[in-house]
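Enquirer: need a structure here:
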Amino acid sequence: MKKRYKALFAALLTGALAAGCLAGCGKMDGTAGGKMKKVTLNEVAHSIFYAPQYAAIELGYFEEEGIDLTLVNGAGADKVMTAMLAGDADIGFMGSEASIYTYAQGAEDYAVNFAQLTQRAGNFLVGRQPDPDFNWQKLKGSRVLGGRAGGMPQMVFEYILKKNGIDPKTDLTIDQSIQFGLTAAAFTSDQSDYTVEFEPFATGLELEGNGYVVASLGTDSGYVPYTAYCAKKSYLAMHPERIQSFTNAIQKGMDYVNSHSAEEIAKVIQPQFAETPLENITKIVKRYQDQDTWKKDLVFEQSNFELLENILKEAGELEKQVPYEKLVTTEFAKKAVE
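Expert: Numbers count the residues shown, from 1 in each chain. Here you go, the predicted structure:
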């Protein structure tokens, strides 16, 4: 694991885990019915990429399952994991690489993944001009605004480059100095040739005439376990009913987006993106539908987990395999589709 991640998660484990020992010791789920169970969900980003989650919120599926949900935007997997381990969030939603890093650092009450939402990368390569004949070889010698080292967006980007015979370190320049969520704004004023963007930033650059989507990382990377829900091992043990209810609600949201049109989905989730015009939301949802972004179920298969580990190894972020059986449980996801 690279030095910056060793430092990050060492600090995270000494500070957040100490706080978590105090904050995470609540009462176990009981059988007394009728009361809504409070759950704080900390998400890695607030993006249309996670449409099934927002459909579940807006369609009242969490309330149906007895969950009183508080949604917090953590703005980055490292921050989400810190909040969850400290007891400031019950469930974290992020790339599962964060749970692998935490376990590898020796955490005892580590994060366990219980539901996988997305099966494709959700970001896009944006260039200065439309390029219907784009191929990845065009990035040789270019300058690209990328993501932080060790995060899923950057690692999937490098994974695609390597698949296409491009060395991320020598064949192009990747600027990783810009904070998550600010690269689109930076792209409008700097000299980079490309930027890697999530939605709605990619579409926003197109509408402003400041950039054009030339490739989908989700399409070109293939199926990748991009984002999943996790909770501390102790929380899963103490609140299995709450986790099951949460998973049931997300599965209902997944069923909705997999059985409705982009137009219908956009109307449902629009309150979550009040500043984005409905036609833009529709366009983005359709873009994600076309690349088969969302799984049919939430089961995090072992083959997907091992693929993720291989991506981490190739990126130089993981020295040895970690056990799937410890970091993933499929119990709740399987029960949600029974």
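
Enquirer: Helices of the stretch 201-338 of the chain, residue ranges please.
Expert: When secondary structure is read from DSSP state H, counting those that start in this stretch, the stretch 201-338 of the chain shows helices at 201-208, 217-221, 233-238, 240-257, 262-269, 278-290, 302-314, 324-327, 331-336.

Enquirer: So which of those has the densest surroundings on average?
Expert: When neighbours are counted by mean count of other Cβ atoms under 10 Å, the highest per-stretch mean among the helices of the stretch 201-338 of the chain falls to helix 240-257, a mean of 22. The C-beta positions use only the backbone N, C-alpha and C, and glycine is treated the same way.

Enquirer: so that one versus helix 278-290, what angle?
Expert: Interaxial angle, helix 240-257 versus helix 278-290 (axes from the mean of the first three to the mean of the last three Cα atoms, to 10 degrees): 100 degrees.

Enquirer: what angle do helix 240-257 and helix 262-269 make?
Expert: Computed by the same axes, to 10 degrees, the angle between helix 240-257 and helix 262-269 is 140 degrees.

Enquirer: low pLDDT regions in the stretch 51-200 of the chain?
Expert: Nowhere does the stretch 51-200 of the chain drop to pLDDT under 70.

Enquirer: What segments of it are helices?
Expert: 51-58, 61-64, 77-85, 97-104, 152-163, 183-187.

Enquirer: Now tabulate those in CSV and tack on distance to Y288 and mean neighbour count.
Expert: Formatted as CSV, the entries for these read as follows, by distance: least, Cβ to Cβ, whole Å; neighbours: other Cβ atoms under 10 Å:
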stretch, distance to Y288, mean neighbour count
helix 51-58, 7, 24
helix 61-64, 20, 19
helix 77-85, 20, 26
helix 97-104, 21, 24
helix 152-163, 15, 22
helix 183-187, 18, 20
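
Enquirer: So for C230, which of these sits nearest?
Expert: With Cβ to Cβ as the criterion, C230 lies closest to helix 97-104 of the helices of the stretch 51-200 of the chain, at 5.4 Å.

Enquirer: Only alpha carbons, please: show the closest one as CSV.
Expert: Listed next in CSV are the C-alpha coordinates belonging to helix 97-104 (Å, rounded to 0.1, in the frame of the first residue of the first chain):
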residue,chain,number,x,y,z
GLU,A,97,-11.3,-0.5,-1.6
ALA,A,98,-11.7,1.5,1.6
SER,A,99,-12.8,-1.6,3.5
ILE,A,100,-9.9,-3.5,2.2
TYR,A,101,-7.4,-0.8,3.2
THR,A,102,-8.9,-0.6,6.7
TYR,A,103,-8.7,-4.4,7.2
ALA,A,104,-5.2,-4.5,5.8
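
Enquirer: helices or strands next to it in the packing?
Expert: Counting contacts by 3 or more Cβ pairs under 8 Å, 6 or more residues apart in numbering; DSSP states H and E, helix 97-104 is packed against helix 3-23, helix 77-85, strand 111-118, helix 302-314, helix 324-327.

Enquirer: what's near enough to touch N113?
Expert: If you count contacts by Cβ atoms under 8 Å, 6 or more residues apart in numbering, N113 has them with S96, S99, A228, Y229, C230, F300, F305, L327, V328, T329.

Enquirer: Please apply the same query to V268.
Expert: For V268, counting by Cβ under 8 Å, 6+ apart, the contacting residues are Y54, A55, E58, L59, Y256, H260.

Enquirer: Assess the claim that Q53 and A249 are in contact.
Expert: No - taking contact to mean Cβ atoms under 8 Å, the distance of 9.0 Å between Q53 and A249 leaves them out of contact.

Enquirer: Now find how far off-centre stretch 73-89 is within its chain.
Expert: Here the centre of mass of C-alpha atoms in stretch 73-89, compared against the chain's by Cα atoms, centre = their mean, to the nearest Å, lies 13 Å away.

Enquirer: what's the first-to-last distance across that stretch?
Expert: The stretch stretch 73-89 measures 11 Å between its terminal residues, going by Cα to Cα, to the nearest Å.

Enquirer: ditto for stretch 134-147
Expert: Distance between the two ends of stretch 134-147: 21 Å, counting by Cα to Cα.

Enquirer: Then stretch 320-334?
Expert: End-to-end span of stretch 320-334 (Cα to Cα): 29 Å.

Enquirer: Pull the number of nearby residues for F49.
Expert: By other Cβ atoms under 10 Å, 27 other residues sit near F49.

Enquirer: how far away is the residue nearest to it when sequence neighbours are not counted from A107?
Expert: In this structure, F49 finds its nearest non-sequential neighbour in G122, 3.6 Å apart by Cβ to Cβ, 6 or more residues apart in numbering. Separation of G122 from A107 (Cβ to Cβ, to the nearest Å) stands at 27 Å.

Enquirer: okay, those two: which has more neighbours?
Expert: Neighbours were tallied for G122 and for A107 using other Cβ under 10 Å; the higher tally belongs to G122 (27 against 21).

Enquirer: Pop out the phi and psi values for the more buried one.
Expert: Its backbone dihedrals place G122 at phi -110, psi 10, with angles given as degrees, to the nearest 10.

Enquirer: hang on, it packs against G218?
Expert: Yes - using Cβ under 8 Å, G122 makes contact with G218 at a distance of 6.2 Å.

Enquirer: Could I get the contacting residues of the spatially closest residue to K335 that is not a sequence neighbour?
Expert: Setting aside the residues directly before and after it, K335 is nearest to Q244 in space (Cβ to Cβ, 6+ apart), at 6.3 Å. By Cβ under 8 Å, 6+ apart, the contact set of Q244 is F332, K335, A336.
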